[in-house]
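In: Here you go, sequence then predicted model.
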Amino acid sequence: MEEKKRVGLTDLFLLVVSILYLVLMLTLFRACGAKEDGSFMTCHWAHQTLLVFAGLLIVLSLLHLILGDARRKQGISVAVIAVCFASILIPGHMISLCMMADMRCRKWMVPGNIMLSVVMIAAAALDLFVQMGRAKKMAPPRPPKKP
Amino acid sequence: MKFANNLAWKNMKRKPGRTIALILLAAFLAFSVFGGSLVVMSLQNGLTSYEARLGADIIVVPNQARSHGSIESILLQGIPGYFYMDDSVLEKARNTEGVEIATPQFYLASASSGCCSVSVQVIGFDPETDFTIKPWIQKNYSGTIGDGDLLVGSAIAVPSNRKLTFYNVECNVAGQLERTGTGLDNAVYANMNTIRQMMESSVLLGFDYFSDVSAEHAISSVMIKVMDGYDIDQVTGDLNIHLRRVEATQAKTMISDIASGLTSVSRVIGGLTVMIWILAIVILIVAFAMIVNERKKEFGVLRVAGASQKMLSRLLLAESGLISLIGALAGAGTAALVILPFLGMIRESLNLPMLLPSVPVILLLAVGAVVLTAFAGALTSAVSTRKITRADAGLILREDA
């Protein structure tokens, strides 16, 4: 059956949240600034990695919006979930952060990253569920079993 | 039952705007209950932890402590500070009647902390006489704290080489302490010799923290435990009379200030939650009454088609229950997402100690909030359900004709 290109609520939601993720990471949830001598603390590199992830999430969300096929959308949702899990693991686990809990990176960047990543994971998981239903509907009828 | 659930689900999908609005209302209810109770419980835990960490009956600090970062801001907010007095105060305090144990503490604000350009509070204590820090340390660290060893608070990230340098004194991180929800989580702890070495090194580096007190004889505070049978008020008064240029404060006074802050925050949260609940429940009752009124004809047709009164009420309860359950889950999830990661920031803005309850308690609170909201949502539709199921189907259909 020919599938119609359809923009769903989850398509828009994923795109909006991923853009919000990038904007907030550049503003409110940014890491600590450069030191007096101009060098950067380790949290700066964790922040740079998160920015790359934010860009990747926007690309994935755009693909999710453009592509009509339910199975492709499912694949993209799985990729979004994987990227978000990785982004939770980056600051503090894979790349160390500043020493004190009251520093910008640990007070703003980490909680903000966790919050937005969990929202993205929930939206992608919901989309996976929606697309599974769509894929089932669109699937060609099974040929009758041969006796 | 399955038919009622399916029909309820289809009804919800048919009017997405209405469904989303009702879900948001239910989410608001769950958010206020779960979020409010989590914050209040964290504040209560924080106060208990702070009380336990203070450990002393009386705290003696120099008068200048008020201007150089008070002891409350060091212990509560973790703002690095320093103030010193001569160690002769310790001997005088020990000789005061009614004093059982008196132990010195040293506060030193580091110039930098290795990787980051912020200062760290270094707290020194005398392991031989200490009775406030040791019981807490022993929960996480069984060894002795030797010269050059440090124990770090839970909010400090330990470097991979486990070395920290303060005023050119390289120290080994021996262990990390459990979370207290107070400023003590942002401090590092060392024995007397290590902190004396740092103090002397800071003088050599040109930091003038000690003014008229020599670094060798400088102490920051004296923690006092009063003998059984003696009145703490009386001993505090004696200390204030006999010791010059220092101030003896009862630990319970410091706690009562925080306790009154906690009471007012809890009252505000409680009041807001009650207001939100009253408002939301009234809106839900009105919304369900309007929905039922709007769908009178549909119910009339269902009755004529053979649906029993029981089935109609089951259908409406399933619909309101589903809406409330989805909203409650969304609300509790949002509260968890906002409060759990940002607790440090909430603690800083409230300026009160906060310590999250254990994971099972958090889960129990979340489940409680979800059940309460789902139940309240279903209950609000019960009034309208009763009205419509009792109405005569023929009359309803004739009314609309």
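Out: Ah, there it is.

In: Checking my notes, residue B:119 in a strand, right?
Out: No: counting by DSSP: H, G, I helix; E, B strand; the rest coil, residue B:119 is not part of a strand but coil.

In: for the stretch 251-400 of chain B, what spans make up the helices?
Out: B:251-294, B:296-304, B:309-339, B:343-350, B:359-390, B:393-400 (DSSP state H, counting those that start in this stretch).

In: Leaving out the residues flanking it, which one is nearest to residue 56?
Out: Just so you know, I chose chain A. Closest residue in space to residue A:56, ignoring its immediate chain neighbours: residue A:83 at 5.8 Å, by CB to CB, 6 or more residues apart in numbering or on different chains. For glycine as for every other residue, the C-beta is placed from the backbone atoms N, C-alpha and C.

In: sorry, should have said chain B
Out: Nearest to residue B:56 is residue B:223, by CB to CB, 6+ apart, at 3.9 Å.

In: neighbours around that neighbour, how many?
Out: Using other CB atoms under 10 Å in any protein chain shown, residue B:223 is surrounded by 24 other residues.

In: Now residue B:378. Nearest residue, chain neighbours left out?
Out: With CB to CB, 6+ apart, the residue lying closest to residue B:378 is residue B:321, at 4.4 Å.

In: now swap in residue A:65 and tell me
Out: residue A:11 (4.5 Å).

In: Report the buried residues of the lengthiest helix in chain A.
Out: Longest helix in chain A by number of residues (criterion: DSSP state H): helix A:110-138. Judged by neighbour count (16 or more other CB atoms under 10 Å in any protein chain shown), helix A:110-138 contains these buried residues: A:110-124, A:127-128, A:130-131, A:134-135, A:138.

In: helices or strands up against it?
Out: On a contact count with 3 or more CB pairs under 8 Å, 6 or more residues apart in numbering or on different chains; DSSP states H and E, helix A:110-138 meets helix A:9-26, helix A:42-66, helix A:70-89, helix B:309-339.

In: at 7 Å what do you get?
Out: The helices and strands touching helix A:110-138, judged by 3 or more CB pairs under 7 Å, 6 or more residues apart in numbering or on different chains; DSSP states H and E, are helix A:9-26, helix A:70-89.

In: and residue B:394, which of those helices is closest to it?
Out: helix A:9-26 (40.9 Å; CB to CB).

In: The closest one to helix A:70-89, inter-axis angle?
Out: Angle between the axes of helix A:9-26 and helix A:70-89 is 30 degrees (criterion: axes from the mean of the first three to the mean of the last three CA atoms, to 10 degrees).

In: residues in contact with helix A:9-26?
Out: A:50-51, A:54-55, A:57-58, A:61-62, A:64-65, A:80, A:112, A:116, A:119-120, A:123-124, A:126-127, A:130 (CB atoms under 7 Å, 6 or more residues apart in numbering or on different chains).

In: Neighbours of residue 13, how many?
Out: Here I'm looking at chain A. Other residues close to residue A:13 by other CB under 10 Å number 18.

In: wait, I meant chain B there
Out: 9.

In: what comes up buried for stretch B:299-314?
Out: Applying 16+ other CB under 10 Å to stretch B:299-314 flags B:299-300, B:302-303, B:307, B:311-314 as buried.

In: pretty sure residue B:273 is in contact with residue B:33, am I right?
Out: Yes: here residue B:273 reaches residue B:33: they are 6.4 Å apart, a contact under CB atoms under 7 Å.
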